[in-house]
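# sequence? don't have it. structure:
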C-alpha cells in the first residue's frame, strides 16, 4: 500500500513493520483492531481495518471512543471491480452496528473519490510534523 503511494524508503517501511508488531498483537487480542479481507476464489485481493481508540466524548457523541478506518487496499490487478467499495461498506456497516457516531479516515489521493462517494467529507484537521 505504501509503495503504491510512492513511499519507497525500505528502511522506514521495515522499521514501521517491526515497531507495529507488538501494538498489533495487543490490539488484535483486545479487539481494538478489527480487520476485513476480501477474496476471490480463495485469493486475498484486498482488505481494510478499523482501529478503536479511547477518545473524549463530544456533544454529538457520548461515547469515549473513536473509530478510524485504516489501510484500505486492493491489489492493483483487482481494482475497478468494487472490491474497495465492498470492504468500505462492510466496515461502515460494522461501525454503525457498534453505535459509533462518526467514522474517521485519512484519504490517499486515489481513495478520496470512493470515500466522498460513500459520504465522507473533509474536516478541519490540521497537522504539525516534527
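That came through fine. All values reported here derive from a predicted model rather than from experimental measurement. Numbering: from 1, shown residues only.

# residues in contact with stretch 58-66?
The contact list for stretch 58-66 (Cβ atoms under 8 Å, 6 or more residues apart in numbering) reads 52, 53, 54, 55, 56, 57, 99, 100, 101, 102, 104. All C-beta atoms are positioned from the backbone trio N, CA, C, and that covers glycine.

# quick one: terminal-to-terminal distance for that stretch?
11 Å (Cα to Cα, to the nearest Å).

# and it, what's buried?
Neighbour-count burial for stretch 58-66 flags 65, 66 (criterion: 16 or more other Cβ atoms under 10 Å).

# next one: it to chain centre, how far?
From the chain centre to the centre of stretch 58-66 is a distance of 20 Å (Cα atoms, centre = their mean, to the nearest Å).

# use 53 as the first number from now on
Sure thing, new numbering starts at 53, so read that last one as stretch 110-118.

# and that stretch, average pLDDT?
For stretch 110-118, mean pLDDT rounds to 94.

# strands along this protein, start to end?
85-92, 95-106, 117-126, 155-157 (DSSP state E).
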